[in-house]
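# need a structure here:
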Amino acid sequence: GADFPWYGFEDDLSATERKELAEDWQVPIYFRDDCYDISAESRHIFPLNTFFIVGGARTGTVMHVDPNCTGAWNTLISGNKRWILFPPETNPDDIGVLAEAYRSKTTPPTSWWRSTYPKLVEDKAWEGLGMIDCIQHQGETIFVPAGWWHVVLNLDFTAAITANPLLPCTLPRVWPKLEWPDSFLQQFACQCARRWPMLQDQTDYEDPQQQSFGKSLTEGMKLSLGDSGEDVTSAKVRILTDGVERNGKPEQTVLIVDCDSVFRLTEGSCGFDSESMMNLQAVIQVTGAELVISSASRVSEVSRKPLKLELQRWGLDFNRWTTTAQKEGGRSAQVLDFFLNHCPDECGWAVLDTEPLGDDRDDAAMLMQLLRQQLVQVTPGCFSLQSARSVVTKLLTPPEE
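Sure thing, here's the model as predicted:
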């Protein structure tokens, strides 16, 4: 026999009495994209996916796969956890998965360790099963990909934050397991492809199990086209850049974004919201503009890393930046100097900032007027207004003569 200590899961982290707890952590940057967040309908399918969990020694889970085709990240606040994982293709019978234990909440977590684990070790069967055995310590985060079998045993008192996202990179692989109506799958595929453009380039798969995603995406696009006569290739571009007009563009374009205010960049984090990133992504996609970062000081390596990681999640990046420090002439002077000294004459450009520009130098009156016309002022940490997105796009894509 085995005892069954209490293991607590709290899923309501928005409650007033847990506000301080919720503010003490944020989703790791690698796991912020969740396909279930693409619409209210998809989120309704899997509404509870984030938990604060606490438990003493001998608490944990039975051998299982996470639900709804999700993976899982787990950040350990206190204590130590032991994990054993097996690849998705593992035969459940080979690793002691009992149907009744898998579905039941009355099977003690330690039962697997007492009945199955010793046999795997004694017969050395684990060597051919791709088993991963590891200890997670306080402050560490572990990620379990979608479909992987895993069992967890708390070695002492533990507290952790965990969540189950459906990551875009795993969507084609798990697509055949999403047992939803075809019409919803096709709509879901189009929504995800618009949000994560790399999915649009993956409609031709060699793996037959993944071809169903490409088929749903293509069928969804055809359905959205109706009798318009537009081909699917053109539809991909339209879906990605929906709502942004393009009238032609210069050979080179540059968009300067103030990272201190617009990105709300602090040491180790970036505060741009998802809707803003979608708008920025669409502008860069349509205009082909180079993204240049400005800051009150030269962007440090410590600050550049999280900003680069966040931008790269959205298919964006930057290699150049300019300072706006007062000791070097101020924001307007430095932005003007950047365009005058580092960009060709026919370069299209715009500045995204949260504050109006001041007259930083007396000899730049005419250029200052031009700069004001190229400035798009937005709310701190936010570039979510459709109008602002359209203005930036038009500045970077002037009408052809």
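
# any low-confidence regions in the stretch 1-150 of the chain?
1-2, 14-16, 98-106 (pLDDT under 70).

# for it, which segments are assigned as strands?
Secondary structure of the stretch 1-150 of the chain (DSSP state E, counting those that start in this stretch): strands located at 7-10, 50-55, 72-78, 81-86, 132-136, 141-144, 149-154.

# could you dump those to CSV with mean neighbour count and distance to residue 191?
Where you see a C-beta, it was placed from the backbone N, CA and C, and this is true even at glycine. Putting the strands of the stretch 1-150 of the chain into CSV (neighbours: other CB atoms under 10 Å; distance: least, CB to CB, whole Å) gives the following:
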stretch, mean neighbour count, distance to residue 191
strand 7-10, 13, 30
strand 50-55, 19, 22
strand 72-78, 18, 23
strand 81-86, 20, 31
strand 132-136, 14, 34
strand 141-144, 17, 24
strand 149-154, 22, 30
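
# of all those, which one comes closest to residue 33?
Closest to residue 33 of the strands of the stretch 1-150 of the chain, according to CB to CB: strand 72-78, at 12.0 Å.

# returning to what we had before: make CSV out of the strands of the stretch 1-150 of the chain and add distance to residue 123.
CSV is the format used below for the strands of the stretch 1-150 of the chain (distance: least, CB to CB, whole Å):
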stretch, distance to residue 123
strand 7-10, 30
strand 50-55, 31
strand 72-78, 29
strand 81-86, 15
strand 132-136, 15
strand 141-144, 25
strand 149-154, 18
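
# where do the helices sit along the chain?
With DSSP state H as the criterion, the chain has helices at 19-23, 40-45, 99-103, 110-115, 117-122, 171-174, 182-195, 211-225, 232-240, 274-287, 301-313, 330-342, 365-373, 386-396.

# for the fifth one, buried residues please.
By neighbour count on 16 or more other CB atoms under 10 Å, the buried set for helix 117-122 is 117, 120.

# check the last one too.
Along helix 386-396, these residues count as buried under the neighbour rule (16+ other CB under 10 Å): 388-396.

# ok, now the longest one?
Across helix 211-225, burial judged by 16+ other CB under 10 Å covers 211-221, 224.

# for the record, mean pLDDT for it?
What helix 211-225 shows for mean pLDDT is 75.

# ditto for the shortest one
Within the predicted structure, the mean pLDDT of helix 171-174 is 90.

# going forward, count from 59.
From this message on, residue numbering opens at 59, which makes the last subject helix 229-232.

# shaky segments in the stretch 209-358 of the chain?
In the stretch 209-358 of the chain, residues with pLDDT under 70: 259-268, 281-309, 318-319, 321-332, 354-358.

# ok, 80 please
Low-confidence segments of the stretch 209-358 of the chain, defined by pLDDT under 80: 252, 255-256, 258-269, 272, 276, 278-310, 316-337, 340, 343-344, 352-358.

# how many neighbouring residues does residue 234 have?
When neighbours are counted by other CB atoms under 10 Å, residue 234 registers 14.

# ok, now how distant is it from residue 123?
15 Å (CB to CB, to the nearest Å).

# and what of residue 92?
Distance of residue 92 to residue 123, computed by CB to CB: 18 Å.

# one more: residue 109?
In terms of CB to CB, residue 109 sits 17 Å off from residue 123.

# how about residue 254?
Taking CB to CB, one finds residue 254 at 24 Å from residue 123.

# next: residue 345.
Distance of residue 345 to residue 123, computed by CB to CB: 43 Å.

# is residue 272 in contact with residue 234, as I believe?
No. Look at residue 272 against residue 234 with CB atoms under 8 Å: they stay out of range, at 11.7 Å.

# got a list of what residue 191 touches?
Taking CB atoms under 8 Å, 6 or more residues apart in numbering as the criterion, residue 191 is in contact with 140-142, 184.

# so which of those residues comes closest to residue 226?
residue 141 (24.5 Å).

# count of neighbours near the residue nearest to residue 99 when sequence neighbours are not counted?
The shortest distance from residue 99 to any non-neighbouring residue, by CB to CB, 6 or more residues apart in numbering, is to residue 242 (7.5 Å). By the criterion of other CB under 10 Å, residue 242 has 16 neighbours.

# how far away is residue 242 from residue 97?
10 Å.

# read off the pLDDT value for residue 430.
Predicted confidence (pLDDT) for residue 430: 52.

# quick revisit: tabulate the buried residues of helix 269-283 (CSV), appending distance to residue 154.
Below are the buried residues of helix 269-283 laid out as CSV (distance: CB to CB, whole Å):
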residue, distance to residue 154
269, 33
270, 31
271, 32
272, 36
273, 36
274, 35
275, 38
276, 41
277, 41
278, 41
279, 45
282, 47
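
# residues touching residue 131, list them.
Residue 131 makes contacts with 85-86, 88-89, 199-202, 220-221, 223, as judged by CB under 8 Å, 6+ apart.

# that one and residue 109, how far apart?
11 Å.

# and for the two, which residues touch both?
220-221.

# residue 118 - how many residues pack around it?
22.

# which one of the contacts of residue 191 is nearest residue 213?
Closest approach to residue 213 among the contacts of residue 191 (CB to CB): residue 140, at 5.9 Å.

# ok, and the closest non-adjacent residue to the closest one?
residue 211 (4.7 Å).
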